[in-house]
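>>> for reference, the sequence and a predicted model appear below.
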2 protein chains.
Amino acid sequence: MPDFNPVSLITAKRDGKTLSPAQIHWLVGAYTRGDVPDYQISAFLMAAFLRGLDEAETAALTDAMLHSGEVLDLSATPGIKVDKHSTGGVGDKVSLILAPVVAACGVSVPMISGRGLGHSGGTLDKLEAIPGLRTDLTTAEYKAQLDRLGVVMIGQTDEIAPADRKFYALRDVTGTVEFIPFIAASIMSKKLAEGIDALVLDVKCGRGAFMKTEADARKLAETLVAIGEQAGKPTMAWLTDMNAPLGRAVGNWPEVEESIRCLRGDDVPDLMTVTLALAGEMLHLGGVVASPEEGRQQAQAAIDDGKAFEKFVELVEAQGGDAAVLHAPERREGAVPAGEVRATEDAAGYVATLDALALGYAAVDMGAGRRRKEDEVDPTAGLVLNKKPGEPVQAGDLLARLYTKKTDHVESFTKAVQQAFTYTDTPPMLPEMLMDRYTTAGWANRP
Amino acid sequence: MPDFNPVSLITAKRDGKTLSPAQIHWLVGAYTRGDVPDYQISAFLMAAFLRGLDEAETAALTDAMLHSGEVLDLSATPGIKVDKHSTGGVGDKVSLILAPVVAACGVSVPMISGRGLGHSGGTLDKLEAIPGLRTDLTTAEYKAQLDRLGVVMIGQTDEIAPADRKFYALRDVTGTVEFIPFIAASIMSKKLAEGIDALVLDVKCGRGAFMKTEADARKLAETLVAIGEQAGKPTMAWLTDMNAPLGRAVGNWPEVEESIRCLRGDDVPDLMTVTLALAGEMLHLGGVVASPEEGRQQAQAAIDDGKAFEKFVELVEAQGGDAAVLHAPERREGAVPAGEVRATEDAAGYVATLDALALGYAAVDMGAGRRRKEDEVDPTAGLVLNKKPGEPVQAGDLLARLYTKKTDHVESFTKAVQQAFTYTDTPPMLPEMLMDRYTTAGWANRP
């Protein structure tokens, strides 16, 4: 590989020039090896943030980060392996339901997930709220379980995309996080390292999402799909609403419990609308159905006939989890309500909006998440909503139940949850959960 | 002082916001103390480079760097202390002539100078080409000599503006050097630390200057003057031409020798035009004459009556230098010509242009300067031009004499010098040396 001068690459980007794939590969490699120091990369990151990276540069960045570590080879497992990635939201337990549903329909799902940080939860923390469940499988265990069950859910290993971790840590302290090409490269370098053949994306948009505006969310979806396709993996994205929490539970164990109920047939409308749409796409990309709609129907059938829940039980058992709690979730130790939140005096008529971001942070404060990476999470902490937007409400009605060990702070948690609600006296217009669908053919709902 | 979050300051600048003086002071202080790491400052530098710093931010940056170290107090020395700063060029030995001239006319000149780096020389290296001369005086020696002689010329101590050194080193490796607010803050923080009362600036413009375009040079002059005035020090700037070398000598000892001749009354027109104009301004700001023009005449008179040369001899002796070489410069050891450069076949008529940048680098290669900070300089290396733009020339005429210990490379030095010349068969238009004059009242020659 040719040797470049880091200052020349920084000044080229500073002056708005486009870097070649070879230059980007060199820079990522030299940084990962420690040959280029943090202070030069941070200048480069800021120059890129302000001058932009085009599609080819973003693809090269992704590819360089992807190949900075281990890229799993699942070619020994037959069939098309499909995963889903969500850009993160509040109450987003979709993966817990989706993975067993899709596997039950015959498409293999190798899923590597992250932990929660900030207001948004992480699938890994949710899985670990199931007593005994291991997410640190070896590569051999990961492959063997995928072969045997068609589904495996683990955490990212140190061997996957180490450059991404190094870049992310630096972005975090240099004001260069909120930049779509970096966000997209970070997501896709990790997903492509899983050994998948195709990918479905759930790009969330709204006050509880990282992308607050529809324009940014659309741009991110387009960038992610372009990277996936450029890497030769069929990729599509749904743009979904994340203004209110998805479903009624927020917090690790509360969300597992809600997922179990959904897998056993309960309909939580917003949550299941998103889950079944994504399942339909995965089954379609997985080649077992002719259309996403047919996939959605098969997914619903796998829930109705109990196969999806059965697959979830197998998954939990295979990874060492206590399957008994799946059958009687109410008996899990520690899941005791610490308080009830009631509607304030101004509540009359209907819930108008529910601030997912505020509820996400309230759950973090109750112990369900991390403000900083090194924080510990309380698996049972969180809240379960009794009222959601569009539902009738009167002063004094139960809004939510709180689960926390920080019983001294229940009053402030209660206030935070109350303040997340707004009311209206006429039935409000609710946002569409499925805002738009993006494939290489373009947006479905945009002219 | 309030405590700020470095990431907030980086993102504010990234988003085009203006930082307060308190924020800039905090950032500079925290960086100098080591509380904020290089990688955050380099992101800030790039954000500032691309988003800009306004006049108040630049003044705050200067002030913070100035007060990061020792600020000399010369108030015990009577009168108005005036210094000159040049933004650097090729053959720019003005300070060597100017300082004794101005001191001989009764205005004290406390001068702290730098070393050469890249194509441009440094006054300190030139002074040290005088055998025995010390530039590392203590603060007490500096003050005492200024009191006694009215002139002192030393190098920057470690105590002066340490923040500037730290910022400069980081800018150098992060592609953030060529940014006028940083350049101006770096210059002015060091100059204001000298304890001066007023400052005259020689902002050079052209192919041998750091500012290649007139627009950039004007902007730099305006920024420097604004900072000086904001610090309460009357400041003005001349914009001068730096396309061809100033005078005929390039290199440390060759330039000292040319300076001695000028101090003894030789007229080197371009060099003396600039020197006398700056001297006139210094005497005017120093309050001993009613106008810069009267100052220029007094400066010329101090040369004509021998007082300026006498002052230079006193200065050299006071700093331990061998005054004998001032009286018989040709006898200095080592100053032996190593080659003669003759005009090529295409020379006919007149010298049209002479590339100062190419000659500057040729002199560096001969040993007169540094490509990197740690390089040693050869005090006698350099070249003396026999032809300058506008002068008649024919093929085979002597263009320059070379002085170098690298006698194996004389052929390539010869070629480099030859290539720096262009010719014309009609007398060329020569650029005005004094391009324009800037004070708080604005530019003299710009509508």
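Yep, that arrived. Numbering: from 1, shown residues only, chains lettered A, B, ... in the order given.

>>> hey, let's count contacts and neighbours off CA atoms from now on
OK.

>>> where does whichever residue of the stretch 251-400 of chain A sits closest to chain B land in three-state SS?
Residue of the stretch 251-400 of chain A nearest chain B, by Cα to the nearest Cα: A:R372 (15.1 Å). Under DSSP: H, G, I helix; E, B strand; the rest coil, A:R372 falls in the coil class.

>>> quick one, helices of the stretch 51-200 of chain A?
With DSSP state H, counting those that start in this stretch as the criterion, the stretch 51-200 of chain A has helices at A:55-66, A:94-104, A:123-127, A:139-149, A:162-172, A:180-192.

>>> that should have said the stretch 201-350 of chain A, apologies.
Counting by DSSP H, counting those that start in this stretch, the helices of the stretch 201-350 of chain A are A:214-230, A:252-263, A:269-285, A:292-304, A:307-318, A:324-327.

>>> okay, buried residues for the first one please.
Residues of helix A:214-230 classed as buried: A:214, A:217-218, A:220-230 (neighbour count, 16 or more other Cα atoms under 10 Å in any protein chain shown).

>>> tell me the contacts of the nearest residue to the residue of the stretch 251-400 of chain A closest to chain B once chain neighbours are set aside?
The shortest distance from A:R372 to any non-neighbouring residue, by Cα to Cα, 6 or more residues apart in numbering or on different chains, is to A:L117 (7.0 Å). Residues near A:L117 by Cα atoms under 8 Å, 6 or more residues apart in numbering or on different chains: A:G369, A:R370, A:R371, A:R372, A:K373.

>>> now A:L117: how far from chain B?
Taking Cα to the nearest Cα, to the nearest Å as the measure, A:L117 falls 18 Å from chain B.

>>> the nearest residue to A:L192 once chain neighbours are set aside: neighbouring residues, count only.
Distances taken as Cα to Cα, 6+ apart put A:L66 closest to A:L192, at 6.9 Å, once the chain neighbours are dropped. Residue neighbour count, defined by other Cα atoms under 10 Å in any protein chain shown, stands at 25 for A:L66.

>>> what of the one 5 residues further on?
A count of neighbours around A:V71, defined by other Cα under 10 Å, yields 18.

>>> skip the chain neighbours and tell me the closest residue to A:K190.
A:A161 (6.1 Å).

>>> same check on A:K166?
Per Cα to Cα, 6+ apart, closest to A:K166 is A:T32, 7.2 Å.

>>> name the helix or strand for that neighbour, please.
helix A:21-33 (DSSP states H and E).

>>> which strands or helices does that helix pack on?
Packed against helix A:21-33, as judged by 3 or more Cα pairs under 8 Å, 6 or more residues apart in numbering or on different chains; DSSP states H and E, are the following elements: helix A:55-66, helix A:162-172.

>>> would you mark the buried spots in the longest one?
Along helix A:55-66, these residues count as buried under the neighbour rule (16+ other Cα under 10 Å): A:A56, A:E57, A:T58, A:A59, A:A60, A:L61, A:T62, A:D63, A:A64, A:M65, A:L66.

>>> center of chain A - which residue?
The centroid of chain A falls nearest to A:S86 when counting by Cα atoms, centre = their mean (3.3 Å).

>>> so what pairs up with it in the strands?
Beta-bridge partners recorded for A:S86 (DSSP bridges): A:D202.

>>> so who does it touch?
Each residue near A:S86 by Cα under 8 Å, 6+ apart is listed here: A:L201, A:D202, A:V203, A:K204.

>>> how close does it sit to chain B?
For A:S86, the distance to chain B - Cα to the nearest Cα - is 26 Å.

>>> report pLDDT for that residue.
A:S86 is assigned 96 on the pLDDT scale.

>>> please work out which residue of chain A is closest to chain B.
Closest point on chain A to chain B, by Cα to the nearest Cα, is A:Y39, at 3.8 Å.

>>> write the ChimeraX selection for whichever of the contacts of A:L117 are buried.
The buried subset of the contacts of A:L117, as determined by 16+ other Cα under 10 Å, is captured in ChimeraX by this line:
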select /A:369,370
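
>>> may I ask which of the contacts of A:L117 comes out lowest in pLDDT?
The pLDDT minimum for these sits at A:K373, where the score is 73.

>>> for the stretch 1-150 of chain A, what are the low-confidence residue spans?
Scanning the stretch 1-150 of chain A with the threshold set as pLDDT under 70 gives A:1-2.

>>> residues from it in reach of chain B?
Residues of the stretch 1-150 of chain A lying close to chain B (Cα under 8 Å from any Cα of the partner chain) are A:7-8, A:10-11, A:14, A:38-47, A:50.

>>> now swap in the stretch 151-300 of chain A and tell me
A:V173, A:T174, A:G175, A:T176.

>>> Provide a list of residues in contact with the closest residue to the first one other than its chain neighbours.
In space, A:V173 comes closest to B:V7 once its chain neighbours are excluded; the distance is 6.0 Å by Cα to Cα, 6+ apart. With contact set as Cα under 8 Å, 6+ apart, B:V7 has these partners: A:V173, A:T174, A:G175, B:Q40.

>>> just the buried positions in stretch A:141-158, please.
Those would be A:142-143, A:145-147, A:149-157, for stretch A:141-158 by 16+ other Cα under 10 Å.

>>> farthest pair in those?
Within the buried residues of stretch A:141-158, A:L149 and A:T157 form the most distant pair, 21.0 Å apart (Cα to Cα).

>>> burial of A:K307, as a residue count?
Counted with other Cα under 10 Å, residues neighbouring A:K307 total 20.

>>> wait, isn't it in contact with A:A104?
Yes - judged on Cα atoms under 8 Å, A:K307 makes contact with A:A104 at a distance of 6.0 Å.

>>> could you measure from A:E345 over to B:A244?
Counting by Cα to Cα, to the nearest Å, the gap from A:E345 to B:A244 is 82 Å.

>>> list the contacts for the nearest residue to A:G360 once chain neighbours are set aside?
Once flanking residues are discounted, A:G360 sits nearest to A:H119: 4.6 Å by Cα to Cα, 6+ apart. Contacts for A:H119 (Cα under 8 Å, 6+ apart) come out as A:G89, A:V90, A:G208, A:L357, A:G360, A:Y361, A:A363, A:V364, A:G369, A:R371.

>>> tell me how far A:H119 lies from A:G88.
In terms of Cα to Cα, A:H119 sits 9 Å off from A:G88.

>>> report the buried residues of stretch A:250-269.
Buried, per 16+ other Cα under 10 Å, within stretch A:250-269: A:250-265.

>>> mind picking the two most distant members of the contacts of B:V7?
Largest pairwise distance in the contacts of B:V7, by Cα to Cα, is 8.6 Å, between A:G175 and B:Q40.
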